[in-house]
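> I'll drop the sequence and a predicted model, then ask my questions.
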Amino acid sequence: MNHHDTPSRSAVTGVLWTAGLLACLASVASAATLTVDVFDRDGLPVAGVVVYATPLGGDSPKRDTDAPPVMDQRGEQFTPHVLVVQTGTAVLFPNHDVVSHHVYSFSRPKPFELPLYKGMAYPPIVFDQPGIVDLGCNIHDSMEAHVVVIDTPYFAVTSANGSAELPDLPADEYAVEVYTPRLRASLLPPPTDITVHGEAGADIQIHLEKRLGPPHADTSESLTWSHY
């Protein structure tokens, strides 16, 4: 081969760049959206339910986040009441309340303690084991919240109409599961296996057949740890 038969560096770079772009576009084009509607045993939509899809065909990628998730404290309550994160995620615990709080958890996936403070007194907490982490305040017994730590990046929380959308799912088989603190773990429905094909997406319904505990309400006198 003479020098006239050898591709230039710019030509090779262009070919590689084009191939990479086409692969990226193909990956995006093949992603689908999974819509999950959650109902109680009376057929009514349930808000605030964590919905997540775990790929059955291999390892889960890392979820892209612009900033660390936040579990805030305002009005002597945690907000949000339920926070879902992927395993290995760092979570901020600011206290924007007018009073000090003492955050703690005895849950096995992540026992920790943030002694009495206001503002942003502590670095983020890394949730490095999957599971449910129940939060409390050592000063205000009525305060409680839950961090749901899962191994998959595909998750969402149902809105007021009981619906959640999980976008950008590559074609694969998935186990779809739900979590709500209004049901004990043993009473949650089993996983639902689905197959996502390319851009087609999927819509499924999940019914919580057992009686739900009361919904979270900041001023509810019935909101106690015994419900969870």
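Right, received. Where do you want to start? Numbering: from 1, shown residues only.
> burial of residue 97, as a residue count?
Look at residue 97: counted by other CB atoms under 10 Å, it has 18 neighbours. Where you see a C-beta, it was placed from the backbone N, CA and C, and this is true even at glycine.
> now swap in residue 179 and tell me
Residue 179 has 20 neighbours, counted by other CB under 10 Å.
> Report the contact partners of the closest residue to residue 55 other than its chain neighbours.
Nearest residue to residue 55 in three dimensions, chain neighbours excluded: residue 172, at 4.9 Å (CB to CB, 6 or more residues apart in numbering). Contact analysis of residue 172 by CB atoms under 8 Å, 6 or more residues apart in numbering lists 55-58, 195-196.
> dump the residue contacts of the residue nearest to residue 90 when sequence neighbours are not counted.
Residue nearest to residue 90 in three dimensions, not counting chain neighbours: residue 124, with 3.7 Å by CB to CB, 6+ apart. Contact analysis of residue 124 by CB under 8 Å, 6+ apart lists 68, 90-93.
> ok, those vs residue 49, which is closest?
Nearest to residue 49 among the contacts of residue 124 is residue 91, at 20.0 Å by CB to CB.
> circling back: who wins for neighbours among the contacts of residue 172?
Counting neighbours by other CB under 10 Å, the top entry in the contacts of residue 172 is residue 196, with 23 neighbours.
> And residue 158, its phi and psi?
Main-chain torsions, residue 158, degrees, to the nearest 10: phi -60, psi 140.
> does residue 99 really touch residue 74, like I thought?
No - counting by CB atoms under 8 Å, residue 99 does not reach residue 74; the two are 10.5 Å apart.
> For this protein, just list every one of the helices.
Using DSSP state H, the helices of the chain run over 9-29.
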